[in-house]
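Asker: Next comes the sequence, and after it the predicted model I'd like to discuss.
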Amino acid sequence: MEQTLSIIKPDAVAKNVVGKILSRFEDAGLRIAATRKMQLSQADAEAFYAVHAERPFFKDLVEFMISGPVVVTVLEGDNAMAKNRDLMGATNPKEAEAGTIRADFAESIDANAVHGSDSVENATNEINFFFAQKEIC
Ligand code: CMP
């Protein structure tokens with residue numbers, strides 16, 4: 001069964017829509033195999049987004065991701081990575097299709113409510129970044 005990583009970002013946690021977002025995953029047939037609310041440190045955020053270190057938005061991205069708690073979740077199901085990306089909608093909420101999480105809950109490309117792994121290989125790395133194997137069940 002395929003797994004992917006979701007992060008509910010500080011803007012959506014602050015809006016108190018964690019339950020609504022997790023319900024969208026479950027309603028689409030994805031199973032929550034692990035989940036945790038946590039406060040990322042600057043080192044955590046820089047390491048998680050290291051692939052974007054040279055991008056002009058990196059500093060703002062790290063600052064935003066440590067501005068409040070996040071909810072990290074392992075989602076499991078058929079085509080979990082692609083299914084999660086369909087549920088999220090486009091990175092920029094202004095371009096996100098109606099009914100997607102970002103269209104409904106996000107404000108801007110920085111405060112865009114959720115992150116989801118963009119490949120099955122990255123999903124494995126991102127899941128291992130946050131969770132021990134015994135926490136995924
Ligand atoms: P996420 O899926 O978490 O991956 C990296 C994040 O960087 C992305 O969502 C956006 O929130 C943020 N970001 C800010 N500006 C850009 C940009 N121009 N292109 C892609 N991502 C951006």
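Answerer: Arrived safely. Numbers count the residues shown, from 1 in each chain.
Asker: what does this protein have sitting close to the ligand?
Answerer: H52, F57, L61, T91, I109, D110, N112, H115 (C-beta under 6 Å from any ligand atom). (Glycine included, C-beta is placed from N, CA and C.)
Asker: Please give me every residue in contact with the first one.
Answerer: Spelled out, it's H52. By C-beta atoms under 8 Å, 6 or more residues apart in numbering, the contact list for H52 reads F58, L61.
Asker: P56 - how many residues pack around it?
Answerer: P56 has 8 neighbours, counted by other C-beta atoms under 10 Å.
Asker: Could you list the low-pLDDT ranges of the chain?
Answerer: Counting by pLDDT under 70, the chain contains no low-confidence range.
Asker: Restrict the residues of the chain next to the ligand to the buried ones and give me that as a PyMOL selection.
Answerer: Here is the PyMOL selection string for the buried members of those, based on 16 or more other C-beta atoms under 10 Å:
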select buried, resi 61+109+112+115
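Asker: Which members of the residues of the chain next to the ligand occur in helices, if any?
Answerer: Using DSSP state H, the subset of the residues of the chain next to the ligand located in helices is L61.
Asker: Among the residues of the chain next to the ligand, pick out the one closest to K134, please.
Answerer: Nearest to K134 among those is H115, at 23.8 Å by C-beta to C-beta.
Asker: Isn't the closest one up against D11?
Answerer: No: using C-beta atoms under 8 Å, H115 is not in contact with D11; the gap is 11.6 Å.
Asker: what does the helix or strand harbouring T124 rub up against?
Answerer: Element membership for T124 (DSSP states H and E) is helix 120-130. By C-beta under 8 Å, 6+ apart, the residues outside helix 120-130 that reach it are 2-5, 36, 47-48, 72, 74, 80-81, 117, 136.
Asker: filter those residues to the buried ones?
Answerer: In the contacts of helix 120-130, burial by neighbour count holds for E2, Q3, T4, L5, F48, V72, V74, A80, M81, S117, counting by 16+ other C-beta under 10 Å.
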